[in-house]
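Engineer: Sequence plus predicted model, see below.
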Amino acid sequence: MFFSRLFKRFFPVDRRSSPRGEAGPVRSVRTEAAVAPPPSPFLPLSALHDGMAPPPAATAPAGPRFSRSVHGLLPAQQDRVRPVLHEGFTPTQPIRHALFLAGRARELERAIEAIEYQNAHLVIFGERGRGKTSFANVLVQLAASAGYGVVQHACHAEASFDHLFSAIIGKVRSRYLRRAAERFAAGDLTADPSGLGQHSRLGASEVTEILGGITTGRLLIVIDEFDRIRSETIKNEFVELLKNLSDLGARVTFVVVGVAQTLTELLALHLSIQRNLVTIHLPLLDDRDIEALIRRGAETAGLEFLPEASELVVQFAKRSPHFAQLLCHHGARTGMRRGSTRIERRHIIEGLLTIVEEAKFVHDDAYRRALGGDDVATADLLFATAQCRTDDVGQFTATSVAEVCRAISTNGTADPAAALHRLTLPEGGGILKCLPDIPEPRYSFIDPTLRFYVLLRQASARGLI
């Protein structure tokens, strides 16, 4: 299959049997065994390109540049720092090229299999900072290169179902909607795909008629930021649309992307739709994937991360691709401003301290309430909470926290479960949330960036950075 061949070109599959984290990778949620049927007649008709060109080398971006307006006030290396880091490490922007996506080969292979062999819709979810939009961007890139029509759309909280799908259908190329336009002209459709804003409200039935009428090619529609939609009515109508299109065998695949720890947080599910969905949870990366992320970014930027610098990034990133990018960006910027393309441990440490200073305005109030004063045991508990073992979702138990407390403190914590419960309350900063579980409750940070901030603040206070 064209799609699959492109994937194998960029992601030689690593058949590692070792688990990604302590609890192992989260598997796709399915109600039936996934069986690959014969090749679909709806696969792309265009010929496969021999290969995809790598992204252009880092060059200074055109257009206004602040460094020009303050000529003489910034270090001479400033002109080189900006374009190089813009290509190598992008913590504030999602990845857009397959060459830069680290550690997601298995998930990407599963997504392509679901689209190409099962004709299933996808739901991609995970906590913030896991690279969901980057994953979707690479999937879109591979799909477009394989001949699929692609549409990307980001949700906003105030959107109605009508507004959402008017915007999405408005981005679909006219050649896919030609049949629907002909049916509207003949009076068979109530909504005109070429002028949706002038006609009656779009519901699941109307969108099904429009998209179900596609007879040429194959269309992939990616809806990002789906977690912004809070209306259960919109979610239910969307689920109905997915079921309708699946029942028709339509040439349209939806990819839903959003922030969530569980699937039900993101999408209202019914038993009737589960067989038409493949869900892909993006877990935390393992350390080897973080190391690969560092190498690829450094090669792109023309930099060398010394082993001790890479080790420090892995230690503090805690398996998060976003935080690894952030640490590399600040460390590399520090090194290059010092006139070096060899990034050392001291450059990463200076970058860590910069991150702490910049994040104080966001997290310091919650951190101080969690700390509650000068109690050493509480400080040790916070440090242990930020350092302890987690599963692939980022959750941990009081037992895991107690293990770290015993290793870093002679005092320990008399009752770590009670201390963790305090951190879920407003007077304790509200930095954790508790999920009842058996045999003991599981905890996670209310915001993944809080774990990073607590870790850096405590490491700094203890003279470790």
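Structural biologist: Cool, the structure landed. Numbering: from 1, shown residues only.

Engineer: Do a quick rundown of the strands in this protein.
Structural biologist: Along the chain, counting by DSSP state E, strands occupy 121-126, 149-154, 219-224, 252-259, 277-281, 304-305, 342-343, 432-435, 442-445.

Engineer: Take these and lay them out in JSON lines including mean neighbour count, distance to residue 403 and mean pLDDT.
Structural biologist: All C-beta spots, glycine's among them, are computed from the backbone N, C-alpha and C. Formatted as JSON lines, these follow (neighbours: other C-beta atoms under 10 Å; distance: least, C-beta to C-beta, whole Å; pLDDT from 0 to 100):
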{"stretch": "strand 121-126", "mean neighbour count": "24", "distance to residue 403": "26", "mean pLDDT": "91"}
{"stretch": "strand 149-154", "mean neighbour count": "18", "distance to residue 403": "41", "mean pLDDT": "93"}
{"stretch": "strand 219-224", "mean neighbour count": "22", "distance to residue 403": "38", "mean pLDDT": "94"}
{"stretch": "strand 252-259", "mean neighbour count": "23", "distance to residue 403": "29", "mean pLDDT": "92"}
{"stretch": "strand 277-281", "mean neighbour count": "23", "distance to residue 403": "26", "mean pLDDT": "90"}
{"stretch": "strand 304-305", "mean neighbour count": "21", "distance to residue 403": "31", "mean pLDDT": "95"}
{"stretch": "strand 342-343", "mean neighbour count": "20", "distance to residue 403": "33", "mean pLDDT": "94"}
{"stretch": "strand 432-435", "mean neighbour count": "16", "distance to residue 403": "17", "mean pLDDT": "92"}
{"stretch": "strand 442-445", "mean neighbour count": "22", "distance to residue 403": "14", "mean pLDDT": "94"}
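
Engineer: tell me the domain boundaries of the chain?
Structural biologist: What automatic domain parsing lists as the domains of the chain is 2-14+21-49+95-281, 74-91+286-360, 363-461.

Engineer: Pick the most deeply packed of the ones you listed.
Structural biologist: Mean neighbour count (mean count of other C-beta atoms under 10 Å) peaks for domain 74-91+286-360 among these, with a mean of 20.

Engineer: Can you give me every residue that contacts the nearest residue to residue 178 once chain neighbours are set aside?
Structural biologist: Nearest residue to residue 178, sequence neighbours excluded (C-beta to C-beta, 6 or more residues apart in numbering): residue 216, at 7.5 Å. Under the criterion of C-beta atoms under 8 Å, 6 or more residues apart in numbering, the contact list for residue 216 reads 175, 176, 178, 179, 251.

Engineer: Look up phi and psi at residue 216.
Structural biologist: Backbone torsions of residue 216, given as degrees, to the nearest 10, read phi -120, psi 130.

Engineer: re the thing from before, looking at the domains of the chain, which has the lowest confidence?
Structural biologist: Mean pLDDT per stretch puts domain 2-14+21-49+95-281 lowest among the domains of the chain, at a mean of 76.

Engineer: tell me how far that one is from the chain's mean position?
Structural biologist: Relative to its chain's centre, domain 2-14+21-49+95-281 lies at 16 Å (C-alpha atoms, centre = their mean, to the nearest Å).

Engineer: of all the strands of the chain, which lies closest to residue 358?
Structural biologist: Residue 358 sits nearest to strand 442-445 of all those, at 18.6 Å, using C-beta to C-beta.

Engineer: How about residues contacting that closest one?
Structural biologist: By C-beta under 8 Å, 6+ apart, strand 442-445 touches 261, 385, 390-391, 393-398, 420, 423-424, 431-435, 451, 454.

Engineer: I'd like the distance between residue 452 and residue 303.
Structural biologist: Residue 452 sits at a distance of 23 Å from residue 303 (criterion: C-beta to C-beta, to the nearest Å).

Engineer: what's the answer for residue 274, then?
Structural biologist: The value you get for residue 274 to residue 303, if C-beta to C-beta is used, is 46 Å.

Engineer: Same question for residue 106.
Structural biologist: For residue 106, the distance to residue 303 equals 28 Å [C-beta to C-beta].

Engineer: what's the answer for residue 222, then?
Structural biologist: Using C-beta to C-beta, residue 222 is found at 32 Å from residue 303.

Engineer: ok, residues contacting stretch 252-261?
Structural biologist: Contact partners of stretch 252-261, identified using C-beta under 8 Å, 6+ apart, comprise 111, 115, 119-128, 132-133, 135-136, 139, 211-212, 214, 218-228, 242, 245, 266-267, 393, 444.

Engineer: at 6 Å what do you get?
Structural biologist: 115, 121-125, 128, 132, 136, 211, 219-224, 226-227, 245, 266, 393 (C-beta atoms under 6 Å, 6 or more residues apart in numbering).

Engineer: now do stretch 393-407
Structural biologist: For stretch 393-407, using C-beta under 6 Å, 6+ apart, the contacting residues are 127, 261, 380, 384-385, 387-390, 412-413, 416-417, 420, 440, 442-444.

Engineer: In helices only, show me those.
Structural biologist: Counting by DSSP state H, the contacts of stretch 393-407 place 380, 384, 385, 387, 416, 417, 420 in helices.

Engineer: Out of those residues, name the two that are farthest from one another.
Structural biologist: The largest separation in the ones in helices among the contacts of stretch 393-407, counting by C-beta to C-beta, is between 387 and 417 at 17.7 Å.

Engineer: how about the nearest residue to residue 369, chain neighbours excluded?
Structural biologist: In space, and not counting its chain neighbours, residue 369 is closest to residue 429: 3.9 Å by C-beta to C-beta, 6+ apart.

Engineer: With residue 288 instead?
Structural biologist: residue 103 (7.9 Å).

Engineer: Now the one you found: phi and psi?
Structural biologist: Dihedral angles (degrees, to the nearest 10) for residue 103: phi 80, psi 10.

Engineer: from what I can see residue 441 touches residue 433, true?
Structural biologist: No. Using C-beta atoms under 6 Å, residue 441 is not in contact with residue 433; the gap is 10.3 Å.

Engineer: Just want to check the distance between residue 293 and residue 152.
Structural biologist: Taken as C-beta to C-beta, the span from residue 293 to residue 152 is 23 Å.

Engineer: Quick one: the helices in the stretch 151-300 of the chain, in order.
Structural biologist: Secondary structure of the stretch 151-300 of the chain, counting by DSSP state H, counting those that start in this stretch: helices at 161-170, 178-185, 204-212, 232-248, 263-266, 271-274, 287-301.

Engineer: Verify the stated contact: the residue nearest to residue 369 with residue 364.
Structural biologist: No. With contact defined as C-beta under 6 Å, residue 429 and residue 364 do not form a contacting pair (10.4 Å).

Engineer: roughly how far apart are residue 239 and residue 251?
Structural biologist: If you go by C-beta to C-beta, the gap between residue 239 and residue 251 works out to 20 Å.

Engineer: Roughly how far does the residue nearest to residue 178 sit from residue 320?
Structural biologist: In terms of C-beta to C-beta, residue 216 sits 42 Å off from residue 320.

Engineer: cool, residue 148 as well?
Structural biologist: Applying C-beta to C-beta, the value for residue 148 to residue 320 is 31 Å.

Engineer: repeat for residue 454
Structural biologist: Counting by C-beta to C-beta, the gap from residue 454 to residue 320 is 14 Å.

Engineer: how close does residue 433 get to residue 155?
Structural biologist: Taking C-beta to C-beta, one finds residue 433 at 24 Å from residue 155.

Engineer: sorry, that was for residue 382
Structural biologist: Taking C-beta to C-beta, one finds residue 382 at 35 Å from residue 155.
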